[in-house]
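From the sequence below, what's the structure:
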Amino acid sequence: MEIYLNSVAYPDIMATLSTVFKSPLEKGIITIPKGMGEGFIQGKSFEKGLFALQIDVTLKSPTTIFRKVGQDKSAPWAISFYLPNEAHKKIINGKKINVSSIFFFSSPSMGAETRIMPQVRFRELTIFMTPQWVNTYLDWEKGDGAGRFEALINSQKAFYLCEPISCDLENPLYQFINTETSPVLKQLFYKSKTLELVALAFEHAYQITKDKDKAVKKNDYTLQAKEILLRDITHAPNIPQMAQDLGVSQTKLRAGFKKAFGENMYRFLHRARMQRAAELLQEEELSIAEVGHRIGYSNISYFSEIFKKVYGILPSNYIKNKNNPQNNKEKEELNTEYS
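Prediction:
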């Protein structure tokens, strides 16, 4: 199945998706009919120039979503957050990108396609915002190096940023997805989380475009350290051994890694392990103990504790929610103290 979003205006997107899935739009929600799969698509419009689209579906047939290139200066920028699952891909400029646990920040002139594999749960949150809306919130005069960033936002140049979802983004993202709130507060809650996600994503983009001469350079040894950690997350070497293998001091390795990737090696490894754990719990029929052992935790209580700190939910409840994607009642609030 192919879905073409020829317009990225909120009413047009929802109308297109409602037609494709042959399901009425009710209170901003499109329910996937059983003949096509299960799950839902929900739109949330907060104010002029700002809206969000949440997709949580398991489809029976392969599906590709094509987003058309914006043709005018009012076309919105998009920030997409993809939750853990390595089965799905995004194609940008002919390059295939794994969309497991990444956020994708793109300009209107950056058309893209998202490939959703059949029988595998796909979860995405995309926030759309027009340049006009962005300009009402950003104070260009007060930013060091803001001129380049302002020119980028207000130009029609093709630009995209693809980065792993960092811990600072994980907190509001999983709160947006998992938290059940009072109907009275729902609009306020979702808008506040949306603004938080936009601010953090823009901070990432701003830091990258701020000043190339001052940009953090990822030295060879930090890249090698990252590759070593990800090569075998179950049996990752300790810092003394890694420093010795790379020919640098432990102090230099620790400082360089944190400067290059924004978090220390222990936290990076914990997050990588938890992302893999979420994928295993989602895709395979393994017990919690088996998943814990597979990613390097012999103490299952400790594994469950770390999993909850990262995802805001115990592994046991994560499995229950996997079996019933729309049941949020048993999900717990994300612990924002994980740092």
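
which residues in the protein form strands?
2-5, 25-26, 29-31, 37-47, 50-59, 63-67, 77-82, 89-92, 95-98, 102-106, 112-116, 122-129, 160-164 (DSSP state E).

Show the contacting residues for residue 176.
54, 125, 190, 193, 194, 197 (CB atoms under 8 Å, 6 or more residues apart in numbering). (C-beta placed from N, C-alpha, C; glycine too.)

of all the strands of the chain, which lies closest to residue 315?
strand 122-129 (17.3 Å; CB to CB).

angle of the closest one against strand 77-82?
Orientation of strand 122-129 against strand 77-82 (axes from the mean of the first three to the mean of the last three CA atoms, to 10 degrees) gives an angle of 160 degrees.

give me the low-pLDDT residue ranges for the stretch 101-250 of the chain?
For the stretch 101-250 of the chain, residues meeting the criterion pLDDT under 70 lie at 101, 109, 111, 140-158, 208-219.

With mean neighbour count and distance to residue 220 added, can I get the strands of the chain in a markdown table?
Converted to a markdown table, the strands of the chain look like this (neighbours: other CB atoms under 10 Å; distance: least, CB to CB, whole Å):
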| stretch | mean neighbour count | distance to residue 220 |
| --- | --- | --- |
| strand 2-5 | 14 | 41 |
| strand 25-26 | 13 | 52 |
| strand 29-31 | 18 | 48 |
| strand 37-47 | 18 | 43 |
| strand 50-59 | 21 | 39 |
| strand 63-67 | 18 | 36 |
| strand 77-82 | 24 | 29 |
| strand 89-92 | 18 | 27 |
| strand 95-98 | 13 | 23 |
| strand 102-106 | 21 | 24 |
| strand 112-116 | 20 | 31 |
| strand 122-129 | 23 | 34 |
| strand 160-164 | 16 | 20 |
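
Of those strands, give the one that comes closest to residue 261.
strand 160-164 (8.8 Å).

Contacts only, for residue 181.
Contacts of residue 181 by CB under 8 Å, 6+ apart are residue 189.

Use 7 as the first number from now on
Renumbered: residue one is now 7, and that last one reads residue 187.

Quick check: phi and psi on it?
phi -130, psi 170 (degrees, to the nearest 10).

Could you check how many residues crowd around residue 18?
A count of nearby residues for residue 18, using other CB atoms under 10 Å, gives 12.

now it: how far from residue 11?
8 Å (CB to CB, to the nearest Å).

cool, and residue 268?
Distance from residue 268 to residue 11, by CB to CB: 32 Å.

from the chain's centre, how far out does stretch 280-298 sit?
19 Å (CA atoms, centre = their mean, to the nearest Å).

avg pLDDT for that stretch?
Looking at stretch 280-298 alone, the average pLDDT works out to 84.

With stretch 37-46 instead?
Rounded mean pLDDT across stretch 37-46 is 94.

Just the terminal-to-terminal distance for that stretch.
In stretch 37-46, first residue to last residue: 5 Å (CA to CA, to the nearest Å).

List the contacts of the residue nearest to the spatial centre of the chain.
Taking CA atoms, centre = their mean, the centroid of the chain lies closest to residue 87, which sits 2.7 Å from it. Residue 87 makes contact with 108, 109, 110, 130, 131, 132, 171, 175, 179, 203 under the criterion CB under 8 Å, 6+ apart.

Could you report the pLDDT at it?
We have a pLDDT of 88 for residue 87.

Same list, the strands of the chain, but as a markdown table with distance to residue 237 please.
Rendered in a markdown table, the data for these read as follows (distance: least, CB to CB, whole Å):
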| stretch | distance to residue 237 |
| --- | --- |
| strand 8-11 | 37 |
| strand 31-32 | 46 |
| strand 35-37 | 41 |
| strand 43-53 | 34 |
| strand 56-65 | 31 |
| strand 69-73 | 32 |
| strand 83-88 | 23 |
| strand 95-98 | 22 |
| strand 101-104 | 16 |
| strand 108-112 | 19 |
| strand 118-122 | 27 |
| strand 128-135 | 27 |
| strand 166-170 | 16 |
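
For this protein, which segments count as helices?
For the chain, applying DSSP state H gives helices covering 16-26, 137-143, 152-160, 173-184, 192-215, 226-237, 245-252, 256-267, 271-289, 294-300, 306-317, 321-329.

Out of those helices, the one nearest residue 52 is which?
helix 192-215 (4.6 Å).

helices or strands up against the closest one?
Here helix 192-215 touches strand 43-53, strand 56-65, strand 83-88, strand 108-112, strand 128-135, helix 152-160, strand 166-170, helix 173-184, going by 3 or more CB pairs under 8 Å, 6 or more residues apart in numbering; DSSP states H and E.

Among the ones you listed, which comes closest to residue 233?
strand 166-170 (14.0 Å).

quick one: strands adjacent to the closest one?
strand 108-112 (antiparallel) (DSSP bridges).
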